[in-house]
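Peer 1: quick one: sequence and predicted model below, then my questions.
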There are 2 protein chains.
Amino acid sequence: MARTWTLEALVEGIRGGDRRALAQAITLVENADPLAYELIRELYPETGRAYTIGVTGPPGVGKSSLISALVRGVRAAGTSVGVVSVDPSSPFTKGALLGDRIRLADHFLDPEVFIRSMGTRGHLGGLAEATLQAALVLDAAGKELLFLETVGAGQSEVEVITIADTVLLVLMPGSGDSIQALKAGIMEIPDVIAVNKRDHPAAKTMVNEVRSILGLDTERDWRPPIVLTEAVTGVGIAELWEELEGHRRHLEESGSLAERRARNLAGEVFAVASARAKARLEEAVAEDEELRRLLGEVQRRELDPLTAVREIMEKVFHLRDGDGDGPDTR
Amino acid sequence: MARTWTLEALVEGIRGGDRRALAQAITLVENADPLAYELIRELYPETGRAYTIGVTGPPGVGKSSLISALVRGVRAAGTSVGVVSVDPSSPFTKGALLGDRIRLADHFLDPEVFIRSMGTRGHLGGLAEATLQAALVLDAAGKELLFLETVGAGQSEVEVITIADTVLLVLMPGSGDSIQALKAGIMEIPDVIAVNKRDHPAAKTMVNEVRSILGLDTERDWRPPIVLTEAVTGVGIAELWEELEGHRRHLEESGSLAERRARNLAGEVFAVASARAKARLEEAVAEDEELRRLLGEVQRRELDPLTAVREIMEKVFHLRDGDGDGPDTR
């Protein structure tokens, strides 16, 4: 019983917070449907009201459970919420409702909560573009608070939550690799850290480790708080929410929220453009006979790889070496 | 006492395995000097003889120490070795010779071992390009075995070792995040795994965990061996080397080495082109008034971000929407 939505019906539905319109809009985003582009263009002037919390961390630390627990508290205060998960290992993404102790299902029945996981295989602008669009749609639909869930700490994951006003990193006892990455300066310092599974004997040791690493950074005017949580029992959730709110107040009172948002938007535009350039390249190399021939020459050691790169850049992007001096003005 | 190298002198020096020529060549690579490009073009037909082992893993697990221990064994057999580290947290990179129990210094004094760490900030083609070039230079210089050390498991790190014939993942007890990432299918399965610090009580548990995760993958014809090592005492190093050699034999005997190298080279060319496109974009956005004005409009909600992306793509890469149908033929 697929209903065909017109742009007008979608825009109207989203403005009214209609769940089916929202669901349809995010499906369009996922499929990189041209209608999604029209929709965002139409709704964009109405966005910028939602507050966005990016939730990141390695797989299996309980990010979704924490979000669920936070949503419960937020809903009790009457705030409307949107959740977008782009974490392929997340219970949201897996639709693992049955048996999940946090009862994600409760939220699915709440009309003021919209939860959506996204697959974005083959999306030209990658995860960054899909997430940005989904967040804008939820923002336009009047959701006051957005959670964006993403996995890991690599570059592409970070780009997904570039748009977040507050970044929450979730760890658990055993997250030694993340601790080392923070220590080595390879992982960026988040705004708030939750160490989940606080009943674990090593949880407090981990908090101390994280604290001593953060203590080395004396340059930031915001010192990231570290909260011990237990999503399943709800312990520490109120405190975690306090700290997230505290970061928001800090941004608002210091006047840096507007600045951060401007920077985030620019970063997001850059990430989307960069993902599109990469996708374009992939497509060209896969489809173009001449480019495949170039690769063959490289493989036979008849042409060196960097000359091949130059030829590809010129053919796909019309860029020649030395274009680095400024934008091409041909 | 900087000596100015001509292209001819460099080529000759590298062919002869001259250490100063090698050092100079890799400095040129690091600085993205145009001479590096000329050099690679000249030397490329002579490359393809070295066997390359990529060594990856989270920071602090002892990748450099393991490489050092492996190099000692390999040198005893008379093989010449090159090591390139692009891991900012590596002792190689930090030049942490004094006090390092593995005595990296021993290798620095051995004329048949060339060790070099690379910084590549601002390199147009990114880490992938710099690593590829450095590996080609060492290959042309007659090094029979190359180790490429890189940190983490994100996309950009993986691109660095795309060129490796064999990928070794190093973990340690406490690498819970990496285990979860392997389990969730977020981290790619390597060819050989070392669990370093075998004297740790949790080391064997970790080996069992990794083994059970790898057991789920029944599609590959190569089952990655897992070796318990202790780089500091040398325990397990001979066995690790056996397994690395075993993977090489597997590739050679199954006839898949040539195929893998062809695929790796294509992947490397793509990674370099992609990094260059991204750098070009960064530069354009930073320098071009019109593009900065576009971003300002997005920030003031006057222009939606995706239209801004389209305009940027057109201005920087001369790409219009719909170019996805095939290479631009204007």
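Peer 2: Ah, there it is.

Peer 1: next, residue A:231: phi, psi?
Peer 2: The phi and psi values for residue A:231, taken as degrees, to the nearest 10, are phi -60, psi -40.

Peer 1: surely it touches residue A:71?
Peer 2: No - Residue A:231 is beyond contact range of residue A:71, at 11.3 Å (criterion: CB atoms under 8 Å). C-betas here are computed from N, CA, C, even on glycine.

Peer 1: show me the contacts for residue A:144.
Peer 2: The neighbours of residue A:144, taking CB atoms under 8 Å, 6 or more residues apart in numbering or on different chains as the test, are A:49-51, A:79-81.

Peer 1: can I have the buried ones of those as a PyMOL selection?
Peer 2: A single PyMOL command selects the buried members of those (16 or more other CB atoms under 10 Å in any protein chain shown):
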select buried, chain A and resi 50+51+80+81
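
Peer 1: pull the most distant pair out of the contacts of residue A:144.
Peer 2: Spatial extent of these (CB to CB) is set by the pair A:49 and A:81 at 13.5 Å.

Peer 1: hmm, back to that, out of the contacts of residue A:144, which sit inside strands?
Peer 2: Within the contacts of residue A:144, residues falling in strands by DSSP state E are A:51, A:81.

Peer 1: leaving out chain neighbours, which residue sits closest to residue A:37?
Peer 2: What sits nearest to residue A:37 in space, not counting adjacent residues and going by CB to CB, 6 or more residues apart in numbering or on different chains, is residue B:306, at 5.6 Å.

Peer 1: so the one you found makes contact with residue A:129?
Peer 2: Yes - using CB under 8 Å, residue B:306 makes contact with residue A:129 at a distance of 7.5 Å.

Peer 1: higher neighbour count, the two?
Peer 2: Legend: neighbour count by other CB atoms under 10 Å in any protein chain shown for residue B:306 and residue A:129, higher for residue A:129 (28 against 25).

Peer 1: next up, the contacts around the more buried one.
Peer 2: Taking CB under 8 Å, 6+ apart, we find residue A:129 in contact with A:123, A:271-272, A:275-276, B:306, B:309.

Peer 1: picking that back up, which one of the contacts of residue A:144 is nearest chain B?
Peer 2: For these, the closest approach to chain B (CB to the nearest CB) belongs to residue A:49, at 10.7 Å.

Peer 1: for residue A:199, which residues are in contact?
Peer 2: Residue A:199 touches residue A:230, counting by CB under 8 Å, 6+ apart.

Peer 1: next up, phi/psi of it, please.
Peer 2: The phi/psi pair for residue A:199 (degrees, to the nearest 10) reads phi -80, psi -10.

Peer 1: what do you get for residue A:149?
Peer 2: phi -100, psi 130.

Peer 1: measure it to residue A:83 for me?
Peer 2: Between residue A:149 and residue A:83 the distance is 7 Å, computed by CB to CB, to the nearest Å.

Peer 1: what do you get for residue A:176?
Peer 2: Taken as CB to CB, the span from residue A:176 to residue A:83 is 29 Å.

Peer 1: same thing with residue A:319?
Peer 2: From residue A:319 to residue A:83 the distance is 40 Å (CB to CB).

Peer 1: with residue A:76 instead?
Peer 2: Using CB to CB, one gets 16 Å for the distance from residue A:76 to residue A:83.

Peer 1: give me the three-state assignment for residue A:53.
Peer 2: Judged by DSSP: H, G, I helix; E, B strand; the rest coil, the three-state class of residue A:53 is strand.

Peer 1: just give the number of residues close to it.
Peer 2: That count, for residue A:53 with other CB under 10 Å as the rule, works out to 23.

Peer 1: with residue A:250 instead?
Peer 2: 16.

Peer 1: isn't there a strand covering residue A:116?
Peer 2: Yes - the assignment for residue A:116 (three-state DSSP) places it in a strand.

Peer 1: can you give me every residue that contacts it?
Peer 2: By CB under 8 Å, 6+ apart, the contact list for residue A:116 reads A:22-23, A:26, A:82-85, A:134.

Peer 1: who's it bridged to?
Peer 2: Residue A:116 forms beta bridges with residue A:84, as assigned by DSSP bridges.

Peer 1: I'd like to know how many residues surround residue A:262.
Peer 2: Residue A:262 has 15 neighbours, counted by other CB under 10 Å.

Peer 1: tell me the spacing between the nearest residue to it once chain neighbours are set aside and residue B:255.
Peer 2: In this structure, residue A:262 finds its nearest non-sequential neighbour in residue B:299, 4.5 Å apart by CB to CB, 6+ apart. Distance from residue B:299 to residue B:255, counting by CB to CB: 56 Å.

Peer 1: strands of the stretch 201-330 of chain A, start to end?
Peer 2: For the stretch 201-330 of chain A, applying DSSP state E, counting those that start in this stretch gives strands covering A:226-228.

Peer 1: how long is stretch A:57-68 end to end?
Peer 2: 16 Å (CA to CA, to the nearest Å).

Peer 1: what is the mean pLDDT for the helix or strand hosting residue A:27?
Peer 2: In the assignment (DSSP states H and E), residue A:27 maps to helix A:19-30. For helix A:19-30, mean pLDDT rounds to 92.

Peer 1: that helix near chain B anywhere?
Peer 2: No - Helix A:19-30 does not reach chain B (CB under 8 Å from any CB of the partner chain); its nearest approach is 10.6 Å.

Peer 1: buried residues, the helix or strand just after that helix. List them.
Peer 2: As assigned by DSSP H and E, the chain's next helix or strand after helix A:19-30 is helix A:34-43. When burial is assessed from 16+ other CB under 10 Å, helix A:34-43 yields the following buried residues: A:35-37, A:39-40, A:42-43.

Peer 1: torsion angles phi and psi at residue A:187?
Peer 2: Residue torsions, per degrees, to the nearest 10, at residue A:187 are phi -100, psi 140.
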